[in-house]
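Asker: Let's see this in three dimensions:
(chains A, B, C and D)
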There are 2 protein chains.
Amino acid sequence: MKTNNNIYPAGLYSFQDECLSLLTGVLNVSKAVTYLVDNQRKPICYKTWQLQPAMHRQYMDTFYKVDPLHPTQFVEQTGITVVKMNDLVNSQERYNHPYYRDFISPWGVQDIVELFLRVDNKLIAGFALFISKQQPEMRSEDIRKAQQLHQFMQFSLEQSLDAPKHNQFENFCDQFQLTPKERMVVELVSQGLPNKTIAAGLDCSLATVKTHLQHIFCKTGVNSKAEITSQLYNQH
Amino acid sequence: MKTNNNIYPAGLYSFQDECLSLLTGVLNVSKAVTYLVDNQRKPICYKTWQLQPAMHRQYMDTFYKVDPLHPTQFVEQTGITVVKMNDLVNSQERYNHPYYRDFISPWGVQDIVELFLRVDNKLIAGFALFISKQQPEMRSEDIRKAQQLHQFMQFSLEQSLDAPKHNQFENFCDQFQLTPKERMVVELVSQGLPNKTIAAGLDCSLATVKTHLQHIFCKTGVNSKAEITSQLYNQH
DNA sequence: CAGGGTATCAACCAGAAGGTTGATAAAGGG
DNA sequence: CCCTTTATCAACCTTCTGGTTGATACCCTG
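Answerer: Residues are numbered from 1 along each chain as shown, chains lettered A, B, ... in the order given. I've put the predicted structure just below:
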């Protein structure tokens, strides 16, 4: 299997700029910061927007250690894409949490919304959006917008990726809990083969292939072989 | 050597979906429609969001002729990217303009914001966002957000032109010298669409789609739609 | 102006694919 | 031992696709 450690699309650096500009231009935030994540999960390539240099320095020196959303601490395994910090840490905890009490609160920040971009489920970039105490609280409607923006950023990222992702096939099959035989059918369908050839390949009758296909269609909500292939290569 | 003036990125069809979802999810609009523009500047592949089918039909039958922003009428040379219709046509003119008086006003629309995507300064897609009379008027702040979204969409579009996936698509089409319409058919086929939907998208008859397909099969040596998709993304 | 390339559409047919119902059988878990 | 899951197959019908023939129309080029 290809070790795909070149998951950074060319131009990720400018992609990051564009994303930051998009987020700060559309959402009502007071400051923002973005970073990339290297394969040791270390944040690199920080870029800030209206963030006080002193605040950033303080973070880099000290408070990254207690950042509840720091990539090395925040579980990559949770598929979280958009998170509002005040939803993650309840108000009791916040009161005594050094990150809140000693860092963001003194800097006039009431809440942080963080967005994560992933490739092959691996964290590659993050965006932290700061809401100041002078601003209204983030409503669920605002979070919805953030999620919408995230979705598009993620889509855009995937479009510019190197080739099809190696585990697209597995993702697809796992997602819909396909059985071993069904996976084999999907594999052959993705080669553009007619049912007769698939039957020959699997050494079973045409009827059996059709039955498998019916089950696949049912499980995946797709309704033609053509769509399966399309899904496989155009996942987002 | 034929200059290949095809500037459609691969996956434009789903890109369009994502853009529509982004715009309607982030901006406060009541309905929306998007279209691609073929090389005769004809709008194709319409997709609507909360737009009454009857309203769309009325447009397609009649009012496209007087649409101040119709691609065939609206000057492509102006580099306009985001435009608010009420800024383009003054209130005096609006009063007697059939498009306002007889079409959008009776449908309860007070204003339309239109976004254009270009490649090499050539119009390739448009998005019309409808603001209903029940909604507050579009402020300059809202337009700024629309411009911000446009900027990112345009960026994302240009990124995808450099993407490996796009190159594969181009290679395939160039290799067999497919015509612009044939390429469009290939694009839609790769989305797993049935011929009927492709015909609807391209605003032509089923027979025409079949003919295009025959030519594609003949040129490429492939003999099914399923194989096309597979070939597109499985070239060595 | 003739001819090639492109785009359009119709009619027809054979075969493939999709959808449904129903049935059998082996494997595994509670 | 029953029940579920998985895999297998048949028959039937509808719809979609592929293949073919033939035709019109436009544009551009020689």
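Asker: Which residues of chain A lie near DNA strand C?
Answerer: A:194, A:195, A:196, A:210, A:211, A:213, A:214, A:217, A:223, A:224, A:225, A:226 (CB under 7 Å from any atom of the strand). C-beta coordinates here come from the backbone N, C-alpha and C atoms, glycine included.
Asker: Including distance to DNA strand D, could those go into JSON lines?
Answerer: JSON lines is the format used below for these (distance: CB to the nearest atom of the strand, whole Å):
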{"residue": "A:194", "distance to DNA strand D": "9"}
{"residue": "A:195", "distance to DNA strand D": "11"}
{"residue": "A:196", "distance to DNA strand D": "12"}
{"residue": "A:210", "distance to DNA strand D": "6"}
{"residue": "A:211", "distance to DNA strand D": "4"}
{"residue": "A:213", "distance to DNA strand D": "10"}
{"residue": "A:214", "distance to DNA strand D": "8"}
{"residue": "A:217", "distance to DNA strand D": "13"}
{"residue": "A:223", "distance to DNA strand D": "10"}
{"residue": "A:224", "distance to DNA strand D": "7"}
{"residue": "A:225", "distance to DNA strand D": "10"}
{"residue": "A:226", "distance to DNA strand D": "7"}
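Asker: filter those to the buried ones?
Answerer: By neighbour count, with 16 or more other CB atoms under 10 Å in any protein chain shown, the residues of chain A next to DNA strand C hold A:194, A:195, A:213, A:224, A:225, A:226 as buried.
Asker: that older thread, among the residues of chain A next to DNA strand C, which are in helices?
Answerer: Those of the residues of chain A next to DNA strand C mapping onto helices are A:195, A:196, A:210, A:211, A:213, A:214, A:217, A:225, A:226, per DSSP state H.
Asker: my read: the fifth one touches residue A:225, true?
Answerer: In other words, residue A:213. Yes: with contact defined as CB atoms under 8 Å, residue A:213 counts as touching residue A:225 (7.0 Å).
Asker: Give me the common contacts of those two.
Answerer: Common contact partners of residue A:213 and residue A:225 (CB atoms under 8 Å, 6 or more residues apart in numbering or on different chains): residue A:189.
Asker: Least confident secondary structure element in chain A?
Answerer: Within chain A, no helix or strand scores below helix A:91-96, which has a mean of 82 by mean pLDDT, DSSP states H and E.
Asker: Make sure residue A:46 is indeed in a helix.
Answerer: No: counting by DSSP: H, G, I helix; E, B strand; the rest coil, residue A:46 is not part of a helix but strand.
Asker: Report the contact partners of it.
Answerer: By CB under 8 Å, 6+ apart, the contact set of residue A:46 is A:33, A:34, A:35, A:56, A:60.
Asker: Looking at those residues, spot the one nearest DNA strand C.
Answerer: residue A:34 (43.0 Å; CB to the nearest atom of the strand).
Asker: what about the helix or strand where the closest one lies and chain B, any contact?
Answerer: Following DSSP states H and E, one finds residue A:34 within strand A:31-37. No: Strand A:31-37 does not reach chain B (CB under 8 Å from any CB of the partner chain); its nearest approach is 13.6 Å.
Asker: what's around the closest residue to residue A:94 other than its chain neighbours, how many residues?
Answerer: Excluding its sequence neighbours, the residue lying closest to residue A:94 (CB to CB, 6 or more residues apart in numbering or on different chains) is residue A:100, at 4.5 Å. A count of neighbours around residue A:100, defined by other CB atoms under 10 Å in any protein chain shown, yields 23.
Asker: Quick check: residue A:100 vs residue B:136, distance?
Answerer: Plainly put, residue A:100 is 36 Å away from residue B:136 if you go by CB to CB, to the nearest Å.
Asker: Can you pick out the most distant pair from the contacts of residue A:46?
Answerer: For these, the farthest-apart pair by CB to CB is A:34 and A:60; their separation is 14.3 Å.
Asker: If you count surrounding residues, which of the two has more?
Answerer: residue A:34 (23 against 11).
Asker: My guess is that one contacts residue A:15. True?
Answerer: No: contact criterion CB under 8 Å: residue A:34 and residue A:15 do not qualify, at 10.2 Å.
Asker: Do I have it right that residue A:134 meets residue A:108?
Answerer: Yes: Residue A:134 lies in contact with residue A:108 (CB under 8 Å); the separation is 7.4 Å.
Asker: sec struct for residue A:127, please.
Answerer: strand.
Asker: Write down the beta-bridge partners of it, one by one.
Answerer: Taking DSSP bridges, one obtains residue A:34, residue A:115 as the residues bridged to residue A:127.
Asker: count of neighbours near it?
Answerer: Using other CB under 10 Å, residue A:127 has 26 other residues around it.
Asker: Over to residue A:83?
Answerer: Neighbours of residue A:83 using other CB under 10 Å come to 19.
Asker: any idea how far it lies from DNA strand C?
Answerer: 35 Å (CB to the nearest atom of the strand, to the nearest Å).
Asker: Next, count neighbours for the nearest residue to that residue once chain neighbours are set aside.
Answerer: Distances taken as CB to CB, 6+ apart put residue A:114 closest to residue A:83, at 5.4 Å, once the chain neighbours are dropped. Residues lying near residue A:114 (other CB under 10 Å) number 21.
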